[in-house]
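Requesting a structural model of the entry that follows:
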Amino acid sequence: MTAKSESDGKDGKDVKDGRQDDRQGHKENGESVTIPVPRILRAAREQLAELAGLRPEGVSGFERTPDGWTVEIEVEEIPRVPETMSVMGLYLVTLDPEGNLTGYRRARRYERGRTDS
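The predicted structure is shown next:
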């Protein structure tokens, strides 16, 4: 028995066996194109590194927006010894639906060893 794939028609997500497929659907040359979420996240990390000269350490969050994607990326801005004293930055990166970077900004800075209050 094969699973029937349905689209809810609202946000570009496909529903298979009750699970949502987290891929971005958009139109290109009149045809629907789907980009997997891991590819979007990889594009955000790579483009931020190239443009800002920062080495991304991880993705803290991401969100689909009407204009594409917003991705929160953590980077080490100032390395220190011990490593727990390194200065980290949280960057908000925006991408269009195709995964092209449209902007970025630092949202906050903190020491690696600190937790949110």
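
Run through the residues that contact residue 103.
Applying C-beta atoms under 8 Å, 6 or more residues apart in numbering, we find residue 103 in contact with 93, 94. Just so you know, the C-beta spots here come from the backbone N, C-alpha and C atoms, and that holds for glycine as well.

For it, give its distance to residue 80.
Here the distance between residue 103 and residue 80 works out to 29 Å (C-beta to C-beta, to the nearest Å).

ditto for residue 49
20 Å.

do the same with residue 70
29 Å.

Show me which of those two is the more surrounded one.
Neighbour count, other C-beta atoms under 10 Å: between residue 70 and residue 80, residue 70 has more, with 16 against 12.

Quick check on that one: phi, psi?
phi -120, psi 130 (degrees, to the nearest 10).

quick one, what contacts it?
With C-beta under 8 Å, 6+ apart, residue 70 has these contacts: 62, 63, 92, 93, 94, 95.

and the fifth one, bridged to which residues?
Pointing back at residue 94 there. residue 70, residue 103 (DSSP bridges).

can you check residue 56 too?
residue 75.

my read: it touches residue 45, true?
Yes - using C-beta atoms under 8 Å, residue 56 is in contact with residue 45, at 4.2 Å.

Give me the common contacts of the two.
In contact with both residue 56 and residue 45: residue 73, using C-beta under 8 Å, 6+ apart.

which other helices and strands contact the one helix or strand residue 48 maps to?
Using DSSP states H and E, residue 48 maps to helix 37-52. Applying 3 or more C-beta pairs under 8 Å, 6 or more residues apart in numbering; DSSP states H and E, we find helix 37-52 packed against strand 23-28, strand 56-65, strand 68-78, strand 87-95, strand 101-111.
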